[in-house]
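J.: mind looking at a prediction? Sequence and model below.
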Amino acid sequence: MLCGAPSGPQPATAETQHIAEQVKSQLEEKENKKFPVFDAVEFKSQVVAGTNFFIKVHIGDNHFVHLRVFRSLPHENKPLSLSDYQINKAKDDELTYF
């Protein structure tokens with residue numbers, strides 16, 4: 001993987017699900033709604049001064065959301081942050097940089 005270039009899409013892992021769950025409350029607050037289903041299905045990562053994770057999350061029925069989550073470098077000791085998100089996504093929508 002090139003530094004700065006996002007990885008190719010990969011199936012979500014237990015770590016990806018854990019990352020998504022850690023920012024779920026941030027998304028719920030921004031959208032002013034609860035998501036009873038919140039299953040990470042796919043992700044890409046991008047190494048910057050930390051790591052950006054682009055995660056496709058199933059939120060019920062045929063509805064998906066794309067998250068961009070930033071994980072700072074370990075020595076900074078900062079929590080994960082929801083940098084951006086896209087709602088109204090479909091299962092087949094490509095996970096792209098946003």
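T.: Cool, got the structure.
J.: does the residue sitting furthest away from the middle of the chain count as helix, strand or coil?
T.: Most distant from the centre of the chain: residue 75, at 21.9 Å, with distances by C-alpha atoms, centre = their mean. Under DSSP: H, G, I helix; E, B strand; the rest coil, residue 75 falls in the helix class.
J.: any idea how far it lies from residue 49?
T.: 12 Å (C-beta to C-beta, to the nearest Å). For the C-beta atoms, the positions are set from N, CA and C on the backbone; glycine is no exception.
J.: what does residue 21 give?
T.: Counting by C-beta to C-beta - residue 21 and residue 49 are separated by 24 Å.
J.: so those two - more neighbours on which side?
T.: A count of neighbours by other C-beta atoms under 10 Å puts residue 21 above the other of residue 21 and residue 49, at 14 against 8.
J.: can you pull out the helices in the chain?
T.: 14-31 (DSSP state H).
J.: can you list the weak-confidence ranges in it?
T.: 1-5 (pLDDT under 70).
J.: which residues in it form strands?
T.: 10-11, 39-48, 50-60, 63-71, 81-89 (DSSP state E).
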